[in-house]
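Colleague: Sequence and computational prediction follow.
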Amino acid sequence: MALHRLQRIAVAPLSVSGGAPTKVQREMSTLPRVYVTRQIPPEGLRLLHKSGQVQLELWDSDDVPVPRKELLQRVKGVDGLLCVLTEKVDAELLDAAGPNLKVLSTMSVGYDHLNLEELKKRGIHVGYTPDVLTDAVAELTVALLLTTSRRLIEAAHEAKTGGWGTWRTLWLCGYELANSTVGILGLGRIGVAIAERLAPFKVRKFIYTDVAPRPELAKAINAEYVSMDELAKQSDFLAVCCALTPETNKICDRNLFSKMKKTSIFINTSRGGVVNQEDLYEALSTGQIAAAGLDVTVPEPLPTNHPLFTLKNCVILPHIASASYTTRNAMSALAANNLLLGLRGEPMIKGLNL
Ligand SMILES: O=CC(=O)O
């Protein structure tokens, strides 16, 4: 178990002699209290420090998330909370924090870990970190798509372990993007950024589905709006880019996979919850679809004995889509700025309209 990971920052040392508090201590004690649930990248921490605006408490680890029990203790009476996607922000946590809590800032674009209804009920302002991660996520999605469709993990393994015999005509063949149809499930900024990167690979056609057509976004990539059925039927590559909501929960299921081509590739860099993993396993193991690349699963981490790990045609990454130094620092800075603005009662740079 980790050492004691709570670090207090910017709190004036308490007088050990029991004397009257110093001026600094009096000032510090009137500053809003903020709890940060993770050792976030340095940009964000620097901004919080530098602001002189908050009393900061930090779960000083990136390797081990703050245990729930500890979190429930630490949030008591805080004015602001900065969290990451591993923290479930629900009624229990908000009750534990109490009525002082005015601002919640999550260092993530996804917010399915937040109970928005409970946050709204309590009048808590919520910030998140879209846009700054779009490029990194799109890049990783393209990397995962190519890794999966051209069987790079299998190929590298064969090369390293002696499977590489003579050059063979059909050995390790995969599927190419040229002349393909790429389908996007949930067209937003990230879907557009993925399509922009894939277009130079000579994709023939982009199609997408969403709750309604999104003509402005679609125009940028010349994408055609189709039904979910058509998306499944036509896509050679299907990239899932939608948010996880009650409506999209397990939306990629047996029904969808059964309509896809046997040669098609399924890629998910959104949230594991949008996929019915048992159905995906069946589709992959019976050859209903050719392969899948997943950056997200349920649960995370996916246990190493999970059946999906036994499949050669399934590439699984540990939720790293936004993991570039630049992007993670930008996310931490945006999360810090959202928090500081919210605490000052000013509009956040990226706030959710609850
Ligand atoms: O998955 C990552 C995020 O939501 O930022």
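Modeller: Ah, there it is. Numbering: from 1, shown residues only.
Colleague: quick one: the strands in this protein?
Modeller: With strands called from DSSP state E, the chain shows them at 6-9, 33-36, 55-59, 80-83, 103-106, 125-127, 181-185, 205-209, 223-225, 237-240, 265-268, 291-294, 314-316.
Colleague: Nearest to the ligand, out of these?
Modeller: Closest to the ligand of the strands of the chain, according to C-beta to the nearest ligand atom: strand 103-106, at 8.1 Å. Quick note: C-beta positions are derived from backbone N, CA and C, even for glycine.
Colleague: Check whether the closest one comes near the ligand.
Modeller: No. Judged by C-beta under 6 Å from any ligand atom, strand 103-106 and the ligand are separated, with a smallest distance of 8.1 Å.
Colleague: residues of that strand that come out buried?
Modeller: V103, L104, S105, T106 (16 or more other C-beta atoms under 10 Å).
Colleague: Quick check: the two most widely separated of those?
Modeller: Distance extremes for those: the farthest pair is V103 and T106 at 10.9 Å, using C-beta to C-beta.
Colleague: Now do the shared contacts for those two.
Modeller: Residues touching both V103 and T106 by C-beta atoms under 8 Å, 6 or more residues apart in numbering: V126, G127.
Colleague: Kindly provide the distance from I251 to M228.
Modeller: Distance, I251 to M228, using C-beta to C-beta, to the nearest Å: 8 Å.
Colleague: These two - which one has more neighbours?
Modeller: Neighbours were counted for I251 and for M228 using other C-beta atoms under 10 Å; I251 has more, 19 against 16.
Colleague: check contacts around the closest residue to the more buried one other than its chain neighbours.
Modeller: Leaving aside its chain neighbours, I251 sits nearest to V274 (5.5 Å; criterion: C-beta to C-beta, 6 or more residues apart in numbering). Contacts for V274 (C-beta under 8 Å, 6+ apart) come out as V240, C242, L244, T248, N249, K250, I251, C252, N268.
Colleague: Tell me the one among these nearest to L302.
Modeller: Within the contacts of V274, the smallest distance to L302 is 12.4 Å, found for N268 (C-beta to C-beta).
Colleague: Setting aside sequence neighbours, what's the nearest residue to the closest one?
Modeller: Of all residues not flanking N268 in the chain, V240 sits nearest, at 4.3 Å (C-beta to C-beta, 6+ apart).
Colleague: For the one you found, the count of nearby residues, please.
Modeller: By the criterion of other C-beta under 10 Å, V240 has 23 neighbours.
Colleague: Same check on the one 10 residues further on?
Modeller: The number of residues packed near K250 is 16, by other C-beta under 10 Å.
Colleague: what's near enough to touch the closest residue to T326 other than its chain neighbours?
Modeller: Spatially, and ignoring its direct neighbours in sequence, T326 is nearest to A136 (7.5 Å; C-beta to C-beta, 6+ apart). Applying C-beta under 8 Å, 6+ apart to A136 gives the contacts A321, S322, A323, S324, T326, T327.
Colleague: Return the members of the residues you listed classed as buried.
Modeller: For the contacts of A136, buried by 16+ other C-beta under 10 Å: A321, S322, S324, T327.
Colleague: Format those as JSON lines; extra columns: distance to the ligand and pLDDT.
Modeller: Putting the buried ones among the contacts of A136 into JSON lines (distance: C-beta to the nearest ligand atom, whole Å; pLDDT from 0 to 100) gives the following:
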{"residue": "A321", "distance to the ligand": "6", "pLDDT": "98"}
{"residue": "S322", "distance to the ligand": "5", "pLDDT": "98"}
{"residue": "S324", "distance to the ligand": "12", "pLDDT": "98"}
{"residue": "T327", "distance to the ligand": "9", "pLDDT": "98"}
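Colleague: Return the subset of these lying in helices.
Modeller: Among those, the residues falling in helices (DSSP state H) are T327.
Colleague: Tell me the one of the buried ones among the contacts of A136 nearest V126?
Modeller: Proximity of those to V126 (C-beta to C-beta) peaks at S322, which lies at 18.9 Å.
Colleague: The closest one and L104: what is the separation?
Modeller: As judged by C-beta to C-beta, S322 and L104 stand 19 Å apart.
Colleague: ok, now F257?
Modeller: According to C-beta to C-beta, F257 and L104 sit 37 Å apart.
Colleague: Then Q73?
Modeller: The gap separating Q73 from L104 is 18 Å, by C-beta to C-beta.
Colleague: and if you look at L146?
Modeller: For L146 relative to L104 (C-beta to C-beta), the value is 37 Å.
Colleague: near the ligand, which residues of the stretch 1-150 of the chain show up?
Modeller: Residues of the stretch 1-150 of the chain found near the ligand (C-beta under 6 Å from any ligand atom) are L85, S108, V109, G110, L133.
Colleague: what would the residues you listed look like in JSON lines with neighbour count?
Modeller: Compiled in JSON lines, these are given as follows (neighbours: other C-beta atoms under 10 Å):
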{"residue": "L85", "neighbour count": "18"}
{"residue": "S108", "neighbour count": "21"}
{"residue": "V109", "neighbour count": "23"}
{"residue": "G110", "neighbour count": "17"}
{"residue": "L133", "neighbour count": "26"}
